[in-house]
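1. A predicted structure for the sequence below; I have some questions about it.
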Amino acid sequence: MKISQRIHHRIWLKNLLSTVALLIVIGLLAWLSARYSAQSDWTANARNTLSEASQKLLVTMPGEIVITAYLDQPALKKQLTDLVRRYQTGKSDLRLVIEDPDAHPGQLRKLDIGAAGAILVAIGDAVKGCPRSANPP
Amino acid sequence: MRLIFTIAARELKTLFLSPLAWSILGLLQFILAYLFLTQVDAYAMLQPRLAALETAPGITDLVVTPLYGSAAIVLLLIIPLLTMRLISEERRSKTLPLLISAPVSNHEIILGKYLGVVTLLLIMVLMISVMPLSLLAGGELDFGKLFANILALTLVLASFAAIGLYLSCVASHPTIAAIGSFSALLLLWILDWTSGLHPGYNAILEYLSMLSHFQNLQSGLIASRDLCYFLLFSATFLLLSIHRLDYERLQK
């Protein structure tokens, strides 16, 4: 069979469409896998999982818990996100908000937070803060 | 199915006939052994201070996890060199039409070549894993975490090989394939560096980044989300490679 210019063009179009379709299907599968994820802790003593006592306490806490962190170091943000993720598996309405201290100078002054930043935990109307020391040991 | 193994065996044999595979295996082991010994030294120095802590990180956290992390970065530089030849060398030496017209299907060619490289990578993972096991002579290991690290490294290397194979299918010259796959891997590795600046803002970039999935698995927390990411990643580039060969066969 002689492959004319038109057939060339048709093959190119078919190839493009099937590639796009493949990528859409993969994207959908990725979304599903991220949405419905199960996990298992392989470490000895399950170091990545909360202890049973903490899990029980977390369930008894009523309402939404919001943790607001005023941090500027990327490494600390990652550490905090990883730590909070353990609590989020036990309580779905626990939110973490990380704010850049430089972007909210007024808010920092109002809350009396120093340059090193702070982490505030809010349960309902009650707010408890743990300021970071400017010179950690 | 049998043809896939035949192609894989031939590919592996070609790798070991040239000095490339041998020199890579030797140099990799040398570099990682140096890093491993440095970590062990640092641990020995830290140990008295760690003994005073209640929940101190163990030898698995301080020696094994960094070793597998460094292995992934070193192999990120090496794997493009292994995968660059796979298809584009056949194209350059004009043997690709011969291979395509042989009584093997395109998916058998791609899977065979992929399996050949992955076998070499598995040999590397095995050789790296001997180092942490040697620590058993003087201490205890967290085997769960060690297996999580082996799994994480195997999956990440399989993904590296898949993207390298695809770029070898696309590129006309092996060097271009190597540069292309190196750049793509580096970009995927550092993709979530900006996520620290705007948390939650770029969830898609965070999902696409290989580093975060690799580190999650390394921590010993095996989540189906991270496993699926690596499996889907490898499957995508293998399917795209098969697709590319099909397209090439039709267009010529």
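-> Looks like it arrived, so ask away.
2. State the distance from residue B:202 to residue A:66.
-> According to C-beta to C-beta, to the nearest Å, residue B:202 and residue A:66 sit 22 Å apart. The way it works is simple: take the backbone N, C-alpha and C, and place the C-beta from them, glycine included.
3. Could you list every helix and strand that the top helix by length along chain A packs against?
-> Ranked by number of residues, the top helix in chain A under DSSP state H is helix A:5-35. Helix A:5-35 sits against helix B:224-251, with contacts defined as 3 or more C-beta pairs under 8 Å, 6 or more residues apart in numbering or on different chains; DSSP states H and E.
4. Near chain B, which residues of chain A are found?
-> Residues of chain A lying near chain B by C-beta under 8 Å from any C-beta of the partner chain: A:3, A:8, A:11-12, A:15, A:18-19, A:22-23, A:26, A:29-30, A:33-34, A:36-44, A:47-48, A:74-75, A:77-78, A:81-82, A:98.
5. can you rerun that using 7 Å?
-> Contact residues, chain A versus chain B (C-beta under 7 Å from any C-beta of the partner chain): A:8, A:11, A:15, A:18-19, A:22, A:26, A:29-30, A:33-34, A:37-44, A:47-48, A:74, A:77-78, A:98.
6. Kindly list the main-chain dihedrals of residue B:81?
-> Main-chain dihedrals, residue B:81, degrees, to the nearest 10: phi -70, psi -30.
7. Surely it is in contact with residue B:178?
-> Yes: counting by C-beta atoms under 7 Å, residue B:81 touches residue B:178, with 5.9 Å between them.
8. about what we covered before: report the distance from the next helix or strand after the longest helix of chain A to the chain centre.
-> The element immediately downstream of helix A:5-35 (helix or strand, assigned by DSSP states H and E) is strand A:39-41. Mean C-alpha position of strand A:39-41 versus that of the full chain (C-alpha atoms, centre = their mean, to the nearest Å) differs by 17 Å.
9. How about stretch A:94-109?
-> For stretch A:94-109 - counting by C-alpha atoms, centre = their mean - the centre lies 17 Å from the chain centre.
10. May I have that stretch as PDB, with CA atoms only?
-> Output of stretch A:94-109 as PDB, limited to C-alpha atoms (Å, rounded to 0.1, in the frame of the first residue of the first chain):
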ATOM      1  CA  LEU A  94      -7.400  18.500  61.800                       C
ATOM      2  CA  ARG A  95      -6.000  21.200  59.500                       C
ATOM      3  CA  LEU A  96      -2.500  22.600  59.200                       C
ATOM      4  CA  VAL A  97      -2.000  26.100  57.900                       C
ATOM      5  CA  ILE A  98       1.500  27.300  57.400                       C
ATOM      6  CA  GLU A  99       1.900  31.100  57.000                       C
ATOM      7  CA  ASP A 100       5.000  33.000  56.000                       C
ATOM      8  CA  PRO A 101       5.900  35.300  59.000                       C
ATOM      9  CA  ASP A 102       7.100  38.100  56.600                       C
ATOM     10  CA  ALA A 103       3.800  38.200  54.800                       C
ATOM     11  CA  HIS A 104       1.800  38.900  58.000                       C
ATOM     12  CA  PRO A 105       3.800  41.400  60.200                       C
ATOM     13  CA  GLY A 106       0.600  42.900  61.600                       C
ATOM     14  CA  GLN A 107      -0.800  39.500  62.700                       C
ATOM     15  CA  LEU A 108       2.500  38.600  64.300                       C
ATOM     16  CA  ARG A 109       2.600  41.900  66.300                       C
END
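11. Buried ones in that stretch, by neighbour count?
-> By neighbour count on 16 or more other C-beta atoms under 10 Å in any protein chain shown, the buried set for stretch A:94-109 is A:94, A:96, A:98, A:99, A:101, A:108.
12. Could you check how many residues crowd around whichever residue of the stretch 1-150 of chain B sits closest to chain A?
-> Closest to chain A within the stretch 1-150 of chain B is residue B:144: 3.6 Å, counting by C-beta to the nearest C-beta. As a burial measure, residue B:144 scores 19 neighbours (other C-beta atoms under 10 Å in any protein chain shown).
13. again with the one 10 residues further on
-> Residue B:154: 17 surrounding residues under other C-beta under 10 Å.
14. Centroid-nearest residue for chain B?
-> Centre of chain B computed as the mean C-alpha position; nearest residue by C-alpha atoms, centre = their mean is residue B:157, 1.3 Å away.
15. Mind telling me what element the closest residue to that one other than its chain neighbours is part of?
-> Spatial nearest neighbour of residue B:157, excluding adjacent residues (C-beta to C-beta, 6 or more residues apart in numbering or on different chains): residue B:121 at 4.5 Å. Assigned by DSSP H and E, residue B:121 belongs to helix B:106-134.
16. Measure how that helix sits relative to helix B:224-251, angle-wise.
-> If you take axes from the mean of the first three to the mean of the last three C-alpha atoms, to 10 degrees, helix B:106-134 sits at 150 degrees to helix B:224-251.
17. I'd like to know which elements helix B:106-134 is packed against.
-> Applying 3 or more C-beta pairs under 7 Å, 6 or more residues apart in numbering or on different chains; DSSP states H and E, one finds that helix B:106-134 contacts helix B:2-17, helix B:19-51, helix B:65-83, helix B:143-170, helix B:224-251.
18. Run the chain-centre distance for that helix.
-> Its chain's C-alpha centre and that of helix B:106-134 lie 9 Å apart, by C-alpha atoms, centre = their mean.
19. which regions of chain A lie under the pLDDT threshold?
-> A:1, A:130-137 (pLDDT under 70).
20. Domain parsing of it, as residue ranges.
-> A:1-37, A:52-131 (automatic domain parsing).
21. Distance to residue B:39 for those domains - can I get that in TSV?
-> As requested, the domains of chain A are exported to TSV (distance: least, C-beta to C-beta, whole Å):
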stretch	distance to residue B:39
domain A:1-37	31
domain A:52-131	19
